[in-house]
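Participant: the sequence and its predicted three-dimensional model are supplied below.
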Amino acid sequence: MNKVKITNFKPYQRGSLSAFFSVMLPSGLVAHECKLFEKEGRRWIGLPSRPFTGKDGNTGYAPILEFVSRDTAERFRESVLRAIDGMTGDQKPAVKPAPAVGSCRAQITPDDSDIPF
């Protein structure tokens, strides 16, 4: 059972950006302004960030939240994508699930009880 909840889902198509949403974690932490990206059959989640202007005048984005390990970030991503795929009614995204990439990822089925948040 997926304990991660998706709220405020707003489809938005621009380049690989597919939607904005909020995610509520089992701990009660709510992260607003998360982003769903999709490109060439792959999907990933963008965490909240803030824009800044670099010395060269270009805009960059500084992370507000981040994970200390790639493994935890991957489990978070899988759990959030599963929650998005499980939405029903008017909130259902118009994004098709991407196939698993690589044999290792195809075998990963994270359990939310293993996620430390």
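Facilitator: Perfect, thanks for sending it.

Participant: distance of the residue positioned nearest the centre of the chain from residue 28?
Facilitator: Taking CA atoms, centre = their mean as the criterion, residue 45 is the residue nearest the geometric centre of the chain, at 2.7 Å. For residue 45, the distance to residue 28 (CB to CB, to the nearest Å) stands at 19 Å. Quick note: C-beta positions are derived from backbone N, CA and C, even for glycine.

Participant: where is the longest helix in the chain?
Facilitator: In the chain, assigned by DSSP state H, the helix with the most residues is helix 70-85.

Participant: which parts of that one are buried?
Facilitator: Buried positions in helix 70-85, judged by neighbour count with 16 or more other CB atoms under 10 Å: 75-84.

Participant: just to revisit the earlier point, so which helix or strand takes in the residue nearest to the centre of the chain?
Facilitator: strand 42-46 (DSSP states H and E).

Participant: which element is the spatially closest residue to residue 38 that is not a sequence neighbour on?
Facilitator: Leaving aside its sequence neighbours, residue 38 sits nearest to residue 18 (CB to CB, 6 or more residues apart in numbering; 4.8 Å). In the assignment (DSSP H and E), residue 18 maps to strand 17-24.

Participant: would you agree residue 48 is in contact with residue 33?
Facilitator: Yes. Using CB atoms under 8 Å, residue 48 makes contact with residue 33 at a distance of 4.6 Å.
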